[in-house]
Structure formats: structure tokens, C-alpha cells
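Novice: Build me a model:
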Amino acid sequence: MAQISYRAARLEDAALAADLMTAGFPREPEDPILTRYRWEHPRGGWSIHRFIGSVDGSDIAYLSSAHSEWSKNPEHHGWLEVYFDQARMNRSALKEMWQWIEERREGALILNASAAEEETEAHEVLGELGYTLDRTDKVWSLDLSKHQARLSADAAAARANAKLAGVEFTTVAAFQHPDKLRLVHALNERTRQDIPTTVPVVPESFESWVARSDPPGRPQDRWWLALDGHVPVAMSFLVFPQVRGNVWTGYTCSHPDYRGRGLARGIKLQTLAQAIELGVPFVRTDNDSENAAMLHINETLGYEAMPGFSTYQKRVSK
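Specialist: Below is the predicted model of the structure:
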């Protein structure tokens, strides 16, 4: 392959980046509208650099390097991405791209990268570059057409059972409280601390979180809460692509004081029943392989396993 040139990606390149991410991993098409929204609304305190790789004037790859502020990330973790158009795949070029983006790590000392199970070239290249396996994520798909009757009935039963226990299932749109977003943010921050991980779970300020809280793929009438009085104690939502892609569960959680009551499963069922009403054929989800509670919920709901993802780490010196 001819020499690869790189240029910084600007906001107007978001759709191109989405196209390149789709070409790099066709199983999961990237939505250009959601991509642009993420670029327009970055997490506060994060440094993110994005690039387009080209050969002979043809764009062939999207690359990025990111890290949170070092004061909240004392081990200096950084996250790297390389999406290389599968139609142009060249192993030596892929390796060169990973080496190039490593040089843009901005002081990161622990580099984090990921690859899907079927991305054999990426697994091999990362191994050659000194990355070692860190964690694995399981991916699941739920056929809503096949299971719609059972899921809808289970969702109704979960609502009724929660009501008997004094818990209301509703949406963020219907939740009438002047500080509802602060309450949801508090639940989000508390529960993310419990996700199995080896990387820092960096706290996010309310101001940063709320600035990113209204993406086009998650309208508030599809963002479900379990309320004990006026306190959100469980939450689940799906992410709906606007142009292309699959519908995924964005997040499901339950406050630790309310676990063991079936609220996480029940609130997730509300999102699935709503998706059935909207005509969504399949919903996908992923969970860390050590997140036993969510893996059990997925199994009981009828999800079927798909090829998963692996995350890798590499320690570097200054």
C-alpha cells in the first residue's frame, strides 16, 4: 500500500468518520447523526483528538486518541481507536496506523484498545505491538418479533409487581420533578461505580452530563425510570439510530439499595415492550463478562449470544 497520510478530523467530518467506522466494522453501522452529536457534546474534562487516514487522496481510516483529565485519571489511561476500511484491509498498514495513533497519546501511560471477536487482523496486530488481553465483553441480540408476546406480558407484570411494592415505572419525559435530571444524574453516577472494570470510572459533573443528555437517539419518552416516590432507583434506555445501525441498550442499572427486587429486569422490559410497539425487530446489548447480574437478566429475557469484544492494554514509558 502507498504511503498513508493523516489529517485532523473537524466537526464537518463527522459523517465521513461514521462512514469509515461503518466500513471498518460493517456488522455495526455507525449513525452519522449520533456521531456528530457526540462530537458536538464531548464529556467535560476530556481531551479527544480525531484523524482521517488517506492513501492517494482516498480516505481509508478513522483514528482517535482520548483521555480524561489526569487529576481524575492518576494512572494516565488513554483510549485509542483505529477503524480501517475492510475493503482496503492491509495488515502492515493496519499496524502502521496503530503505531501512528500511539504517538498521539498525549502522555497516556496505559493504552486501551478494543477489537471485535471476528477482527482477527486487529487481534494479531495488537499482540505484536505489545498489547495484552484485559477484559472481554459479551454481546447479545434479542429477536423482538419472536418473543414479542412474552416480553409484552412480562413488561406488564413487572409494572404491576413494582406498583404493589410502591415503585412506579415511568419515563423521564413523564417524571414531573423540578430537579429530575439531577436525580437521574445521581443514580447514573452511583451505579456506574459498580460496573466490573480495570479502568478508572471517571466522575462526570452534572453540567457535563446534562449537556449530553438529550441525544437524538434517546428521546426522553423512551428513557425509563423506576421511581420510589420522587427518587429514581433504576433506569434503562435504548439508543435508536437515526439513519443506519442497530438499536442497542444504552444502559440499565439499579441502585444498590434496591437490588434483588427485579427492578433492573423490570425497567429493561419497559424499553423492550416500547421497542416492540415501535416496530423494532432486534435489540442488541453488551455486558462485561464478569457482570453476572446483567448476564443472567439477558439469558432470562431470551437474548442470544453473538461474537463479543475484547479490550487490550499496553503500558508505555514516558
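
Novice: any idea which helix is longest in the protein?
Specialist: Longest helix in the chain, counting residues (DSSP state H): helix 144-164.

Novice: Which strands or helices does that one pack on?
Specialist: Counting contacts by 3 or more CB pairs under 8 Å, 6 or more residues apart in numbering; DSSP states H and E, helix 144-164 is packed against strand 167-171, helix 263-277, helix 292-301. For glycine as for every other residue, the C-beta is placed from the backbone atoms N, C-alpha and C.

Novice: Apply 6 Å and report the result again.
Specialist: helix 263-277 (3 or more CB pairs under 6 Å, 6 or more residues apart in numbering; DSSP states H and E).

Novice: what mean pLDDT does the helix it packs on have?
Specialist: Helix 263-277 shows a mean pLDDT of 98.

Novice: That one vs helix 144-164, what angle?
Specialist: Interaxial angle, helix 263-277 versus helix 144-164 (axes from the mean of the first three to the mean of the last three CA atoms, to 10 degrees): 130 degrees.

Novice: May I see the buried residues of helix 263-277?
Specialist: By 16 or more other CB atoms under 10 Å, the buried positions in helix 263-277 come out as 263-276.

Novice: do stretch 70-79 as well
Specialist: Buried residues in stretch 70-79, defined by neighbour count with 16+ other CB under 10 Å: Trp70, Asn73, His76, His77, Gly78, Trp79.

Novice: quick one: which of these is nearest Leu111?
Specialist: Set against Leu111, the nearest of the buried residues of stretch 70-79 by CB to CB is Gly78 (5.6 Å).

Novice: so which strand or helix has the closest one?
Specialist: Assigned by DSSP states H and E, Gly78 belongs to strand 77-84.

Novice: Partner strands of that strand and their direction?
Specialist: Its sheet considered, strand 77-84 pairs with strand 58-67 (antiparallel), strand 110-116 (parallel) by DSSP bridges.

Novice: what would those strands look like in TSV with distance to Val167 and mean neighbour count?
Specialist: Formatted as TSV, these follow (distance: least, CB to CB, whole Å; neighbours: other CB atoms under 10 Å):
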stretch	distance to Val167	mean neighbour count
strand 58-67	37	21
strand 110-116	36	21
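
Novice: Adding mean pLDDT, write these out as TSV.
Specialist: Shown next, in TSV, are the strands paired with strand 77-84 (pLDDT from 0 to 100):
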stretch	mean pLDDT
strand 58-67	98
strand 110-116	98
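
Novice: For His49, which of the ones you listed is the nearest?
Specialist: Counting by CB to CB, His49 lies closest to strand 58-67 out of those; the figure is 4.9 Å.

Novice: Only C-alpha atoms, please: export the closest one in PDB.
Specialist: Extracted in PDB, the C-alpha atoms of strand 58-67 (Å, rounded to 0.1, in the frame of the first residue of the first chain):
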ATOM      1  CA  SER A  58      -8.800   8.300  -0.900                       C
ATOM      2  CA  ASP A  59     -10.000   8.200   2.700                       C
ATOM      3  CA  ILE A  60      -9.500   4.800   4.200                       C
ATOM      4  CA  ALA A  61      -9.500   5.000   8.000                       C
ATOM      5  CA  TYR A  62     -10.700   6.900  11.100                       C
ATOM      6  CA  LEU A  63      -8.400   7.100  14.200                       C
ATOM      7  CA  SER A  64      -8.800   8.700  17.600                       C
ATOM      8  CA  SER A  65      -6.900   9.200  20.800                       C
ATOM      9  CA  ALA A  66      -8.700  10.300  24.100                       C
ATOM     10  CA  HIS A  67      -8.100  10.600  27.800                       C
END
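
Novice: in this structure, which residue is closest to the centre?
Specialist: For the chain, Gly250 is the residue whose C-alpha lies nearest the centre (CA atoms, centre = their mean; 6.3 Å).

Novice: what sits against it?
Specialist: By CB atoms under 6 Å, 6 or more residues apart in numbering, the contact set of Gly250 is Phe237, Val239.

Novice: confidence score at Met1?
Specialist: The model's pLDDT for Met1 equals 69.

Novice: list the helices and strands whichever strand or helix holds Arg135 packs on?
Specialist: Taking DSSP H and E as the definition, Arg135 sits inside strand 132-143. Other elements packing on strand 132-143 under the criterion 3+ CB pairs under 6 Å, 6+ apart are strand 282-288, strand 304-315.

Novice: related to what we said a few turns ago, tilt between the strand holding Gly78 and strand 304-315?
Specialist: 120 degrees.

Novice: Make 33 the starting number, not 1.
Specialist: Understood, numbering begins at 33; the last thing we discussed is strand 109-116.

Novice: Many thanks, I have nothing further to ask.
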